[in-house]
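Undergrad: fold the stuff below for me.
(4 chains)
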2 protein chains.
Amino acid sequence: MGRQRPGTPTLEEVAALAGVGRGTVSRVINNAAGVKDSTRRLVQRAIAELGYVPNLAARSLAGRRADAVALVMTEPDWRQFGEPFFSEIVRSVGDALTDTKVQLLLTLVRTNAERQRLVEYARGGRVDGVMLMSVHAEDALPDMLAEVGLPTVLLGRRSGDESVTYVDADNVGGARSAVAHLLSHGRRAVATITGPRDMYVAQCRLRGYREALERAGAEGRPSWIVQGDFSEDSGRRAMAELLERAPEMDAVFAASDTMAAGALTALRAAGRRVPDDVAVIGFDDFPLAQRTDPKLTTVRQPLEEIGRAMVRLLLEEMEDSAVAWRHVILRTELVLRDSA
Amino acid sequence: MGRQRPGTPTLEEVAALAGVGRGTVSRVINNAAGVKDSTRRLVQRAIAELGYVPNLAARSLAGRRADAVALVMTEPDWRQFGEPFFSEIVRSVGDALTDTKVQLLLTLVRTNAERQRLVEYARGGRVDGVMLMSVHAEDALPDMLAEVGLPTVLLGRRSGDESVTYVDADNVGGARSAVAHLLSHGRRAVATITGPRDMYVAQCRLRGYREALERAGAEGRPSWIVQGDFSEDSGRRAMAELLERAPEMDAVFAASDTMAAGALTALRAAGRRVPDDVAVIGFDDFPLAQRTDPKLTTVRQPLEEIGRAMVRLLLEEMEDSAVAWRHVILRTELVLRDSA
DNA sequence: CTGAAAGCGCTAACAG
DNA sequence: CTGTTAGCGCTTTCAG
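TA: Numbering: from 1, shown residues only, chains lettered A, B, ... in the order given. Purely as a prediction, here's the structure:
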């Protein structure tokens, strides 16, 4: 495997050239206070002349920190990676880190070998903290990291009693407001296409659906609830099933943007008019569903804030290891686009 | 910033517990030959008992390597990140690395500050090599890395005389075969929607278009060439322009999947039938355009092979720093889907 | 086959 | 304000 380029100048050579001690050079490259301006410039000239770049391994070893954090995506199904949800989160986390000297590293974990490699990487001190996206309920990775004291932040709980620091959106509230909106606009038979049963986020959105019905004193029916898996195709199939099982349905709440897109396609294929015959609201506000219906009303997650909150919690946990864990739940927002 | 967890066991403690020297423990954790089986087991037991994990900073410092490589995306426009092209490349690079002990790190470079941070990260020895995706012609990042001797591989040339190791698809050949296909099926007036003039990949696809016309002895017209920027919207606008400027047009070669999708939308909006009135071929074989027209014929890039080739070249360059640079051009393939 | 010793390049504490 | 001195934890000779 590749060795580091030889002949790379060291801090010591810089010190020699500048005619100062190593400590002084160290202070200069770390922007520490308490260095005479003239010597600082002397050192900087030497650094420039030699093209010196600090060896990060040595710095980590001596300073006991990496100045890097990882944003991990644990997704066996790789298609998810391309979804707007993830690229937006990555973008916002990157933004939140842009003015720090912390390097953001994205890593992908699909297999158990990769999981192990990541744990060794993190425990090995190459990153000071880890953010995890799209963690499934049975995934032990968060515990493997948190148990050894590594600052860890999850995007989304794995269950109702998550024991690792997390940031989540108000999925129950978002779903509730979507369904309440449909009911208050005269819809009587609101169906829902849910996500995978083993994902907490899907459970929450289903709970919100149920709560909205209850609060409105509306009667739900088992046939109005159809299972999907967040994919477009599952949305299509679910809608086909609904059309057959619940012909009275006049509105649908889809637990994801992608499934909403599939549902819309299936509705149109069946000759139903949207929203006149059947109104649709999807969770998440992404291009796919909107391309399918520009007037689609959606529940928007504040992705920008989610990324920011993850970074903030992580940095705080890195500063102060006293806090065991905590969480932040962010508000969602109903984006009305005149298709009730 | 976060300090490394204290109380982490060190190799020395493992050695003490196992009653052996530090060198022996080092040999065991590195699977080096020449350790008696009984002592090896002794050491392994001690490692397990202590929950020992090697400190990677110390290992890097002593061993002069990081066992990690970076896959960098330099894309000021973040929407690109979600595109299938990138997620596929990331996936295939990850696959190619999965059986090694090399950790893959994705990083994003948008601003110059981030560019600088990456260079310091890489030159600082945190990675043994760098792969760059989506590099624009004026980007100095590849040179900054390659000049200091860091193994570097580009995905796509920046220009015709690229001086850094790269992997590229046969863009000229792919475009040529697409256009040749249209011509050989009776199309007479083949227009093209090109990519940004300052991207070499776009120049190549345009050259392929021209070559196909020449070889067929067909007469091209300036009005048949319209500029896009690879975006869906630009495809739509370009097609609108073509419909006006070149009403005789009976086929279009779009230099990207996304622009093909936009072009199809505009064609339909104008009441033209596809492919009867106008045939379309797009470069790249992604969901967007196919969703717009399931029968779309496309030029497919072998993304799987591209990722593999990048990793292979990078690892080779890491082994052997004698080679200055080299390149691999991969074949493209016309995927026929009966819309001539 | 295994132990001891010499660094890898840097930070941080401590004198001056 | 600045030089000196200890390590940080591991790999890698070099003896034994």
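
Undergrad: who touches the helix or strand harbouring residue A:49?
TA: Per DSSP states H and E, residue A:49 falls inside helix A:37-50. For helix A:37-50, the surrounding residues in contact (C-beta atoms under 8 Å, 6 or more residues apart in numbering or on different chains) are A:9, A:13-15, A:17-20, A:24-25, A:28-29, A:35, A:52. C-beta coordinates here come from the backbone N, C-alpha and C atoms, glycine included.

Undergrad: can you rerun that using 6 Å?
TA: Here helix A:37-50 makes contact (C-beta atoms under 6 Å, 6 or more residues apart in numbering or on different chains) with A:9, A:14, A:17, A:18, A:25, A:28.

Undergrad: right, is that helix up against DNA strand D?
TA: Yes: contact of helix A:37-50 with DNA strand D (C-beta under 7 Å from any atom of the strand) involves A:38, A:39, A:40.

Undergrad: give the rounded mean pLDDT of that helix.
TA: Mean pLDDT, helix A:37-50: 94.

Undergrad: same check on stretch A:170-183?
TA: 97.

Undergrad: then stretch A:232-240?
TA: 95.

Undergrad: likewise stretch A:123-134?
TA: Mean predicted confidence for stretch A:123-134 is 94.

Undergrad: does that stretch come close to chain B?
TA: Yes: Stretch A:123-134 lies within reach of chain B by C-beta under 6 Å from any C-beta of the partner chain, at A:123, A:124, A:125, A:126, A:128, A:129.

Undergrad: let me have the residues you listed in TSV, adding neighbour count as columns.
TA: Formatted as TSV, the residues of stretch A:123-134 next to chain B follow (neighbours: other C-beta atoms under 10 Å in any protein chain shown):
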residue	neighbour count
A:123	23
A:124	22
A:125	26
A:126	26
A:128	25
A:129	24
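
Undergrad: mind checking which of these land in helices?
TA: residue A:123 (DSSP state H).

Undergrad: against DNA strand D, which of the residues of stretch A:123-134 next to chain B make the cut? List them.
TA: Counting by C-beta under 7 Å from any atom of the strand, no member of the residues of stretch A:123-134 next to chain B reaches DNA strand D.

Undergrad: closest one of the residues of stretch A:123-134 next to chain B to residue B:301?
TA: Taking C-beta to C-beta as the measure, residue A:126 is the one of those closest to residue B:301, at 33.1 Å.

Undergrad: and the closest one, how far is that from residue B:60?
TA: 9 Å (C-beta to C-beta, to the nearest Å).

Undergrad: just residue A:117 next, same as before
TA: Where residue B:60 is concerned, residue A:117 sits at a distance of 16 Å (C-beta to C-beta).

Undergrad: also residue A:240?
TA: Counting by C-beta to C-beta - residue A:240 and residue B:60 are separated by 56 Å.

Undergrad: more crowded one of the two?
TA: residue B:60 (27 against 17; other C-beta atoms under 10 Å in any protein chain shown).

Undergrad: how many residues are close by the residue lying closest to residue A:203 once chain neighbours are set aside?
TA: Nearest residue to residue A:203, sequence neighbours excluded (C-beta to C-beta, 6 or more residues apart in numbering or on different chains): residue A:197, at 7.4 Å. Per other C-beta under 10 Å, the neighbour tally for residue A:197 reads 11.

Undergrad: please see if the helix or strand of chain A with the lowest mean pLDDT touches chain B.
TA: Ranking every helix and strand in chain A by mean pLDDT, DSSP states H and E puts helix A:287-292 at the bottom, with a mean of 83. No: judged by C-beta under 6 Å from any C-beta, helix A:287-292 makes no contact with chain B; its nearest approach is 8.8 Å.

Undergrad: which helices and strands sit right next to that helix?
TA: helix A:257-269 (3 or more C-beta pairs under 6 Å, 6 or more residues apart in numbering or on different chains; DSSP states H and E).
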